[in-house]
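[1] coords please:
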Amino acid sequence: MGVAGRGCPRAAPALLLPLLLTAAVPPDRGRAAGPPEDVDECAQGLDDCHINALCENTPTSYKCACRPGYQGEGRQCEDIDECGNELNGGCVHDCLNIPGNYRCICFDGFMLAHDGHNCLDVDECLESNGGCQHTCVNAMGSYECRCKEGFLLSDNQHTCIHRSEEGLSCMNKDHGCSHICKEAPKGSVACECRPGFELAKNQRDCILTCNHGNGGCQHSCEDTAEGPECSCHPQYKMHLDGRSCLEREDIALEVTESNATSVADGDKRVKRRLLMETCAVNNGGCDRTCKDTSTGVHCSCPVGFTLQMDGKTCKDIDECQTRNGGCDHFCRNTVGSFDCSCKKGFKLLTDEKSCQDVDECSLDRTCDHSCINHLGTFTCACNEGYTLYGFTHCGDTNECSVNNGGCQQVCVNTVGSYECQCHSGYKLHWNKKDCVEVKGGLPTSLSPHVSLQCGKSGGGDRCFLRCHSGIHLSPGLQEAYSVTCGSSSPLRNKQQKSNDSAFGDVATIRTSVTFKLNEGKCSLKKAELFPEGLRPVLPEKHSSVKESFRYANLTCSSGKQVPGGPGRPSTPKEMFITVEFELETNQKEVTASCDLGCTVKRTEKRLRKAIRTLRKAAHREQLHLQLSGMNLEVAKKSPQTSERQIESCAMGQDHGGNRCVSCRAGTYFDGAQERCILCPNGTFPNEEGQIICEPCPRPGSPGTLKTPEAWNVSECGGLCQPGEYSADGFTPCQPCARGTFQSEAGRTSCFPCGGGLPTKHPGATSFQDCETRVQCSPGHFYNTTTHRCIRCPAGTYQPEFGKNHCVSCPGNTTTDFDGSTNITQCKNRRCGGELGDFTGYIESPNYPGNYPANTECTWTINPPPKRRILIVVPEIFLPIEDDCGDYLVMRKTASSNSVTTYETCQTYERPIAFTSRSKRLWIQFKSNEGNSARGFQVPYVTYDEDYQELIEDIVRDGRLYASENHQEILKDKKLIKALFDVLAHPQNYFKYTAQESREMFPRSFIRLLRSKVSRFLRPYK
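    Got it, this is the predicted structure:
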């Protein structure tokens, strides 16, 4: 390449060398051998071409030529910096040189044109109204939000707040500030400008600079005393508007004509060929990059474009057409590039292609009880005795609202459960629902189910609580449990609020005590009480306390673990032990000198003494349970570091793999063998995790009726089926008579339809078998007195046809109106949130379910001194109305004239972040009598006011909301928590490594933050 231009002295040796080689070969030998065989040095790798050069084989040697985008003689090639010429590589904004190529990059607010060089304005208003609450106005390189009459733009420059007609504060329509108004001392105001603007000399107006939307210029912008001055790339000319640029088609035409005239006297065909094949004229006809070569011009395209068949034109590559661009879910093509995004419930990883399921169950406050993660979603589940409402919350189920809980006489709802009770003269049947008449009246005394015995041992008190019958174990969550012994007293005594209640000639006495232990954990495990072989039962003469009870409940729960300071271990958990006792005194204990009231007082005095002794024993770890002949420790102090040992499973649990699992239904925990074994014939466990098996209630020989591994009473065999009954609930059974029905097994009676209604046939199993006069639709129940359908009252619902009842809403929820048909209409009216000094959140009632109608919530955020408030609204769902029916407002005080930070009355799915305009915030949410929607959950953080300028610079930058990936960050609870953690406590930044930060946030987000932080810290460098 370029040989014609070299001097003869340099060319001579190259020409003589073949001649010398030829002369050195004998003529005869040369003729006999013929021409030498050619060696392909390129194929065999014998060439010394540069790695960025192409090797071309020749008959006797080879040639090296640099690849397009590189320059040199082939054995040495260096990258051509296309961006280094006076045309900036043809890029109108930034040119990025890359090995062998280049790429044009546009400023924020612009997008690359299809030619890969020019930059066009992005109309941000086309997507979600630019995030503006009212009106979005597009401008060259940027956009602006504007508000309707009667509103003013808030500090976040996107949402609108009501103007005040009076006063001199920033809420007044005539405050005079062009952009942002801040309250100043003595009732005055101070004006500030949005990023990219400068405050004018009058301290009111804001002057645009090139830092905002490129100063409104399409190509180049230069700040002058009069404001931004626009200019165009040399290949373009200025539009009449003084901002836009047009391609100069006339320049190429003028150059071509002048050059053609100057060579008219020569060989026109050759000259025209040379003219058309030089990059100096019309860029060689190339769309993008042109390079002169020995064979003519060579056109190439930047990354993201492909050269067309004409060898001149560049066309954008639609990467999404090939393997979906490598995106896991969605691919969106852009000029010169592409973007990936994910389905709802997934997050985009930092490679900006892969999508990962969001494990909502790993986040705080996802579900009240249990959370089950699925791909792209999750579901919540509630413990037994609770009902799910509002998608994530659990409320106590009022079983008594449905057919009286199946109880024959009285149903009493309790938290997480319920129980049936009987009137005077009856006792509860074994099925726990029917009532059986007590022949001969109530017994004068009931045999005790529980006994308490305390005595001195080892210099202190030791107490045994022994359960003789009616044992029930309820394992709790997080090292908690509850043990119940015996049965509680009848209903009418339970309704008494005092400790003692008279019932005829019987008095029931109740007492309850809670012990707080500063360390340790609840541990219901087998205890090694007597290593020396001492008898476990305290001798009668050494017993300081000896009491018998008909009912006792012992509950142990662990408190929160207190974190230690730096370098110190955490403080062990607190522990709470609650013991409830219930005993009865009767006429048999009354003497001539002490009536029933006197006897009650004496009994209460004994109980107080027993409680004092019990407390001492508990603090010495000498309170023990004896269940089914096993001695169990109630709690255990946390072991020291040197005393760590492998923990055994709790009572009612066995080793299942590498964890403890409750004994399954049909088995019980045998203390002697310390494992779960099958219940013996004729017995059954009440539920899983039990330590005893109850005998089947069938009199006679129950073993012949029991099926193997009976897991509840119905497995005992011979039970009457639904639609049947008998005197004891076992065979032989009779079908329910016409006009009655029974939906459960093992019952002693059937329920009447009521109102003289017949059933379609004997043996009916539900009220729907009763022949009602009308068919009631959902949201109604059949009144058997009036024989009409009645709307379900507020606080209840009915999803089915033909029912005679309505279901009570769970927990503390209620409905907005009567006639509700679904549990989703049951809503908690409590205003949600947690308000902390550093971080916290507020949420609409019943979130994420729909909030109730006609509700009002008020919160106040009052941060510590020298701290400001940053709020993120990930999304908010309010009904769309012409008049603001439901609204959320944040301002300094409750006064409507106080400085307002945020106000909205509509759905806003794009996230927005903003700083409070006042040092404290008064927040109110209000819904009218007819509206309901999903509402909101809004987190906040308080930060050191020294960072005020930096935080405001970040949250006011439109780039924070322009990218879908950035929007997802503000909706990602885990990422927001990490950001808030660092903002609230900057020293926590060191908890996150650089690698973790890169894995958590997209590169574009990190670049945005880095530029802001660098600018903020620049004065200190």
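
[2] all contacts plus neighbour counts: C-alpha atoms, from now on.
    OK.

[3] give the contact list for residue 824.
    The contact partners of residue 824, taken as C-alpha atoms under 8 Å, 6 or more residues apart in numbering, are 389, 390, 849.

[4] So which residues of the stretch 851-1000 of the chain form strands?
    Under the criterion DSSP state E, counting those that start in this stretch, the stretch 851-1000 of the chain contains strands at 856-861, 867-873, 876-877, 887-891, 900-904, 912-915, 921-926, 935-944.

[5] Which member of the contacts of residue 824 is positioned nearest residue 467?
    Nearest to residue 467 among those is residue 389, at 38.0 Å by C-alpha to C-alpha.

[6] thinking again about what came up before, from the contacts of residue 824, pick the one nearest residue 751.
    Where these are concerned, and distances follow C-alpha to C-alpha, residue 751 has its nearest neighbour in residue 389, at 30.4 Å.

[7] CA-only coordinates of stretch 952-959 in CSV, if you can.
    These are the backbone C-alpha positions of stretch 952-959, laid out as CSV (Å, rounded to 0.1, in the frame of the first residue of the first chain):
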residue,chain,number,x,y,z
GLU,A,952,-32.7,17.6,46.9
ASP,A,953,-30.4,17.5,43.9
ILE,A,954,-31.0,13.7,43.6
VAL,A,955,-34.8,13.6,44.1
ARG,A,956,-35.4,16.6,41.7
ASP,A,957,-33.5,15.1,38.9
GLY,A,958,-35.9,13.7,36.3
ARG,A,959,-33.4,10.9,35.4
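
[8] which outside residues touch that stretch?
    Defining contact as C-alpha under 8 Å, 6+ apart, one finds that stretch 952-959 is touched by 108, 155-157, 194-195, 913-915, 960, 1008-1009, 1012.

[9] Would you mark the buried spots in stretch 821-837?
    Buried residues in stretch 821-837, defined by neighbour count with 16 or more other C-alpha atoms under 10 Å: 821-833, 835.

[10] sorry, back to before: the contacts of stretch 952-959: which two are farthest apart?
    Across the contacts of stretch 952-959, no pair lies farther apart than 108 and 915, at 23.3 Å, counting by C-alpha to C-alpha.

[11] related to what we said a few turns ago, using TSV, please lay out the strands of the stretch 851-1000 of the chain together with mean pLDDT, distance to residue 956 and mean neighbour count.
    As requested, these are exported to TSV (pLDDT from 0 to 100; distance: least, C-alpha to C-alpha, whole Å; neighbours: other C-alpha atoms under 10 Å):
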stretch	mean pLDDT	distance to residue 956	mean neighbour count
strand 856-861	94	22	18
strand 867-873	92	12	22
strand 876-877	91	19	18
strand 887-891	90	18	22
strand 900-904	86	14	23
strand 912-915	87	7	22
strand 921-926	94	20	20
strand 935-944	94	17	23
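
[12] Residue 678: which of these is closest?
    Among the strands of the stretch 851-1000 of the chain, strand 935-944 sits nearest to residue 678 (C-alpha to C-alpha), with 49.5 Å.

[13] I'd like to know the beta-bridge partner residues of the closest residue to residue 983 other than its chain neighbours.
    Sequence neighbours aside, residue 943 is the residue nearest to residue 983 in space, at 5.7 Å (criterion: C-alpha to C-alpha, 6 or more residues apart in numbering). When bridges are taken as DSSP bridges, the partners of residue 943 come out as residue 868.

[14] Touching, residue 943 and residue 984? I think so.
    Yes: Residue 943 is within contact range of residue 984, at 5.1 Å (criterion: C-alpha atoms under 8 Å).

[15] which residues are common contacts for those two?
    With C-alpha under 8 Å, 6+ apart, residue 943 and residue 984 have common neighbours residue 838.

[16] Residue 43: neighbouring residues, count only.
    One way to gauge burial is a neighbour count; for residue 43, by other C-alpha atoms under 10 Å, it gives 11.

[17] go on, the one 5 residues further on?
    Residue 48 sits with 16 neighbouring residues when counted by other C-alpha under 10 Å.

[18] same check, this time on residue 485
    Counted with other C-alpha under 10 Å, the burial measure for residue 485 works out to 25 neighbours.

[19] List the beta-bridge partners for it.
    For residue 485, the beta-bridge assignment (DSSP bridges) gives partners residue 552.

[20] residues contacting it?
    By C-alpha under 8 Å, 6+ apart, the contact set of residue 485 is 449, 450, 467, 468, 469, 470, 471, 472, 551, 552, 553.

[21] Redo the strands of the stretch 851-1000 of the chain as TSV? Include distance to residue 403.
    Compiled in TSV, the strands of the stretch 851-1000 of the chain are given as follows (distance: least, C-alpha to C-alpha, whole Å):
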stretch	distance to residue 403
strand 856-861	35
strand 867-873	45
strand 876-877	38
strand 887-891	41
strand 900-904	46
strand 912-915	50
strand 921-926	37
strand 935-944	35
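
[22] Residue 766 is nearest to which of these?
    Each of those was checked against residue 766 via C-alpha to C-alpha, and the shortest separation belongs to strand 935-944, namely 39.7 Å.

[23] That closest one vs strand 921-926, what angle?
    Relative orientation of strand 935-944 with respect to strand 921-926: 180 degrees, computed using axes from the mean of the first three to the mean of the last three C-alpha atoms, to 10 degrees.

[24] same for strand 935-944, what does it pack against?
    Contacts of strand 935-944 with other secondary structure elements, assessed using 3 or more C-alpha pairs under 8 Å, 6 or more residues apart in numbering; DSSP states H and E, are made with strand 839-843, strand 867-873, strand 876-877, helix 973-984.

[25] Show the average pLDDT along stretch 741-753.
    For stretch 741-753, the per-residue pLDDT values average out at 92.

[26] swap that for stretch 286-305, please
    Averaged across stretch 286-305, the pLDDT comes to 81.

[27] same thing with stretch 420-427?
    Mean predicted lDDT for stretch 420-427 stands at 88.

[28] in that stretch, what counts as buried?
    For stretch 420-427, a neighbour-count test (16+ other C-alpha under 10 Å) marks 420, 421, 422, 426, 427 as buried.

[29] what is the second one paired to in the beta sheet?
    The reference is to residue 421. residue 410.

[30] Please apply the same query to the last one.
    Residues found in beta-bridge contact with residue 427 (criterion: DSSP bridges) are residue 436.

[31] so what's it up against?
    Taking C-alpha under 8 Å, 6+ apart as the definition of contact, the neighbours of residue 427 are 421, 435, 436, 437, 438.

[32] would a markdown table of those with distance to residue 585 be doable?
    Output for the contacts of residue 427, formatted as a markdown table (distance: C-alpha to C-alpha, whole Å):
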| residue | distance to residue 585 |
| --- | --- |
| 421 | 21 |
| 435 | 24 |
| 436 | 24 |
| 437 | 22 |
| 438 | 19 |
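
[33] which among the residues you listed gets closest to residue 790?
    residue 421 (28.8 Å).

[34] OK, contacts around that closest one?
    Contacts here follow C-alpha under 8 Å, 6+ apart; on that basis residue 421 touches 407, 409, 410, 411, 412, 427, 428, 433, 435, 490, 491.

[35] Including distance to residue 521, could those go into JSON lines?
    Converted to JSON lines, these look like this (distance: C-alpha to C-alpha, whole Å):
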{"residue": "407", "distance to residue 521": "38"}
{"residue": "409", "distance to residue 521": "41"}
{"residue": "410", "distance to residue 521": "38"}
{"residue": "411", "distance to residue 521": "36"}
{"residue": "412", "distance to residue 521": "33"}
{"residue": "427", "distance to residue 521": "39"}
{"residue": "428", "distance to residue 521": "37"}
{"residue": "433", "distance to residue 521": "37"}
{"residue": "435", "distance to residue 521": "41"}
{"residue": "490", "distance to residue 521": "34"}
{"residue": "491", "distance to residue 521": "35"}
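
[36] Looking at the residues you listed, which is nearest residue 215?
    Closest to residue 215 out of the contacts of residue 421 is residue 412 (73.5 Å), distances taken as C-alpha to C-alpha.

[37] what residues are up against that closest one?
    Contacts for residue 412 were tallied using C-alpha under 8 Å, 6+ apart; they are 400, 418, 419, 420, 421.

[38] Which members of these are the farthest-apart pair?
    Largest separation among these by C-alpha to C-alpha: 400 and 421, giving 11.8 Å.
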